[in-house]
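*Asks:* build the 3D model from these lines:
(one chain, ligands or ions: 1)
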Amino acid sequence: MSDKLILIVEDEPKIAQILVDFLSMSGFTSKVLDSGLDAVASVKQDKPSAVILDLMLPHKDGLTICREVRQFSNVPILMLTARVDEIDRLNGLGIGADDYVCKPFSPREVVARVEAILRRTCTQDTISNPQEVSFKGVVINLEKFSCTVDKVHIELTPVEFRLLSVLIQKPGAVLSREILMTNCYDDARVVSNRTIDSHMKNLRTKLNVAQDEPSLIHSVYGIGYKIE
Ligand code: CA
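*Replies:* Take a look at the predicted model:
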């Protein structure tokens, strides 16, 4: 049980209501917006713990909202789409959503996904980890979920943070996409390689912007990634 606020941006009232009901059964409070117009303002104002964001919305679509939110917030975003083939395309765009669910969905599954996202952002997975791990000027705090590069704080999404924290604990080791996926998603569902690549691309861009040194994260053709 929690008193966490979930922002639901969904223009179909029936879908919004069923989400509200199921979230409430799991102890979440919800706020519903039926258009994309005020979504970004609501994230700023209401500071929700997570956002369930429909892709097709009146006034402003989910893609635009997601991009705008990512300018200032790493709030977990679960995106709803009407087409399963959209998910791969959206991942390729690297818009920074943390998870995707295709309509029609089971509300139970959506709640489980929300809970999984929140778990990932609120707990650390291995107790043997020291709280802080650093490598060449990049310092991550596994308890506070914060990251600094040359002492300057940088904002990472939950998935980016998990990817970096897995890599940084094994400098020089090449980690396969499968290993990275397993560490970034709690459930065993299949995530395409492009998903990892797209999150990794965003992560590398953020690190490169913050640091003058050549990129620390290297892709290893046909295998995965390493930090070196
Ligand atoms: Ca819609």
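*Asks:* now do the same contact list for the most centrally placed residue in the chain.
*Replies:* In the chain, the C-alpha nearest the mean C-alpha coordinate belongs to residue 98, at 2.8 Å (C-alpha atoms, centre = their mean). Neighbouring residues of residue 98 by C-beta atoms under 8 Å, 6 or more residues apart in numbering: 76-78, 117, 157-159. The way it works is simple: take the backbone N, C-alpha and C, and place the C-beta from them, glycine included.
*Asks:* please list the members of these that lie in strands.
*Replies:* Judged by DSSP state E, these include 77-78 as members of strands.
*Asks:* tell me which of the contacts of residue 98 is nearest to the ion?
*Replies:* Nearest to the ion among the contacts of residue 98 is residue 78, at 14.4 Å by C-beta to the ion.
*Asks:* give the burial count for the closest one, as a bare number.
*Replies:* 20 (other C-beta atoms under 10 Å).
*Asks:* what do you get for residue 119?
*Replies:* Neighbour number of residue 119 under other C-beta under 10 Å is 12.
*Asks:* so it versus residue 112, what's the distance?
*Replies:* 10 Å (C-beta to C-beta, to the nearest Å).
*Asks:* over to residue 150?
*Replies:* 39 Å.
*Asks:* if we can go back for a sec, and the pLDDT for the residue nearest to the centre of the chain?
*Replies:* Looking at residue 98, its pLDDT reads 87.
*Asks:* per-residue confidence at the residue lying closest to it once chain neighbours are set aside?
*Replies:* Spatial nearest neighbour of residue 98, excluding adjacent residues (C-beta to C-beta, 6 or more residues apart in numbering): residue 76 at 4.7 Å. pLDDT, residue 76: 91.
*Asks:* which residues does residue 76 contact?
*Replies:* With C-beta under 8 Å, 6+ apart, residue 76 has these contacts: 49-51, 98-99, 114, 117-118, 120-121, 157-158.
*Asks:* okay, and the beta partners of residue 147?
*Replies:* Bridge pairing for residue 147 (DSSP bridges) gives the partners residue 140, residue 154.
*Asks:* go ahead and confirm it touches residue 139.
*Replies:* Yes - at 7.1 Å, residue 147 and residue 139 qualify as touching, with contact defined as C-beta atoms under 8 Å.
*Asks:* quick one: which of those two has more around it?
*Replies:* residue 147 (23 against 17).
*Asks:* the more buried one and residue 74, how far apart?
*Replies:* Counting by C-beta to C-beta, the gap from residue 147 to residue 74 is 10 Å.
*Asks:* could you dump stretch 172-191 to CSV, C-alpha only?
*Replies:* In CSV, the C-alpha atoms belonging to stretch 172-191 read as follows (Å, rounded to 0.1, in the frame of the first residue of the first chain):
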residue,chain,number,x,y,z
GLY,A,172,36.1,-3.3,-18.9
ALA,A,173,33.6,-6.2,-19.0
VAL,A,174,31.5,-6.6,-22.1
LEU,A,175,27.9,-7.1,-21.0
SER,A,176,25.5,-8.6,-23.5
ARG,A,177,22.2,-6.9,-24.2
GLU,A,178,20.5,-9.9,-22.5
ILE,A,179,22.4,-9.2,-19.3
LEU,A,180,21.6,-5.6,-19.5
MET,A,181,17.9,-6.3,-20.1
THR,A,182,17.7,-8.7,-17.3
ASN,A,183,19.0,-6.1,-15.0
CYS,A,184,16.8,-3.3,-16.2
TYR,A,185,13.4,-5.1,-16.3
ASP,A,186,12.0,-7.1,-13.5
ASP,A,187,9.8,-9.3,-15.6
ALA,A,188,10.9,-11.8,-18.2
ARG,A,189,9.1,-10.2,-21.1
VAL,A,190,11.0,-9.9,-24.3
VAL,A,191,12.5,-6.5,-24.9
